[in-house]
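Trainee: everything below, folded, please.
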Amino acid sequence: MAVSHQSTSIDIVWPSLPLAAWQDTYATLHLWTQIIGKIRLALAPKLNRWWQSTLYVTPRGLTTAAIPCGTRNFQISFDFLDHQLQIDPSDGITKRIALTPRSVADFYQMVLTTLSDIGIEVQIWTMPQEVSEPIPFDQDYQHAAYDPEYAQRFWQILVQVDRIMTVFRSQFVGKSSPVHFF
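Mentor: A predicted model of the protein is given here:
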């Protein structure tokens with residue numbers, strides 16, 4: 001499929017992503033991304049429209065971009081090619097957590113422990129948002145699925161959406177928001 005917008009044309013590839021096949025991974029990944037978004041929300045300076053809580057599409061997954069913390073910055077990224085969560089502080093001590101089937105509670109604890117190990121202390125509100133029957137992150141042993149193939153397909157769709165929206169907004173002369181993932 002090709003999408004044209006004035007002088008720009010881009011080819012679009014939509015991987016198959018049947019909900020029934022990836023629903024459990026979707027539910028878990030949704031909660032994992034909320035944890036990372038809430039870390040950014042807690043530490044980043046407030047911006048209009050809650051933009052300090054968003055994630056951005058990257059060539060490998062999703063990222064927070066730089067988050068200020070004390071005298072340094074750090075970034076948290078989901079890498080859907082190597083299936084890792086990567087934490088990159090500005091002092092060079094990169095930490096990685098494998099993205100594998102694990103409960104939201106375990107993921108939450110691993111992320112906070114890893115951050116603490118590199119001197120980043122953060123407290124977040126542990127209640128997920130915009131889900132039916134929310135379970136606090138630290139108590140959620142129900143959601144524990146991660147299928148790498150479907151997580152990667154989801155990200156590939158996000159890459160295509162990011163490309164389309166970036167081209168679409170490029171011709172607008174007024175104020176526009178960056179493409180981001182809530």
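
Trainee: now the helices for the protein?
Mentor: For the chain, the helices defined by DSSP state H occupy 19-43, 104-117, 148-170.

Trainee: pipe those helices into JSON lines and attach distance to Thr54, mean pLDDT and mean neighbour count per row.
Mentor: Placement of C-beta: from N, CA and C, glycine included. Formatted as JSON lines, the helices of the chain follow (distance: least, C-beta to C-beta, whole Å; pLDDT from 0 to 100; neighbours: other C-beta atoms under 10 Å):
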{"stretch": "helix 19-43", "distance to Thr54": "7", "mean pLDDT": "96", "mean neighbour count": "18"}
{"stretch": "helix 104-117", "distance to Thr54": "18", "mean pLDDT": "98", "mean neighbour count": "18"}
{"stretch": "helix 148-170", "distance to Thr54": "12", "mean pLDDT": "90", "mean neighbour count": "16"}
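
Trainee: among those helices, which is nearest Pro128?
Mentor: helix 19-43 (5.3 Å; C-beta to C-beta).

Trainee: elements contacting that closest one?
Mentor: strand 67-69, strand 72-79, helix 104-117, helix 148-170 (3 or more C-beta pairs under 8 Å, 6 or more residues apart in numbering; DSSP states H and E).

Trainee: which one of the ones you listed lies closest to Ile36?
Mentor: strand 72-79 (5.2 Å).

Trainee: what sits up against that closest one?
Mentor: Applying C-beta atoms under 8 Å, 6 or more residues apart in numbering, the contact partners of strand 72-79 are 32-33, 36, 39-40, 55, 58, 60-67, 85-91, 99, 111, 118, 120, 155.

Trainee: name the strands paired with that strand and say parallel or antiparallel.
Mentor: According to DSSP bridges, strand 72-79 forms sheet pairs with strand 61-63 (antiparallel), strand 67-69 (antiparallel), strand 84-89 (antiparallel).

Trainee: buried residues of that strand, list them for me.
Mentor: For strand 72-79, burial by neighbour count (16 or more other C-beta atoms under 10 Å) applies to 73-79.

Trainee: still on that earlier bit, got CSV for the helices of the chain, with distance to Glu130 too?
Mentor: Output for the helices of the chain, formatted as CSV (distance: least, C-beta to C-beta, whole Å):
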stretch, distance to Glu130
helix 19-43, 9
helix 104-117, 15
helix 148-170, 17
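
Trainee: indicate which one of those is closest to Met127.
Mentor: helix 19-43 (9.5 Å).

Trainee: hmm, back to that, quick one, which of the strands paired with strand 72-79 is packed in tightest?
Mentor: A comparison of the strands paired with strand 72-79 by mean neighbour count, using mean count of other C-beta atoms under 10 Å, puts strand 61-63 on top with a mean of 23.
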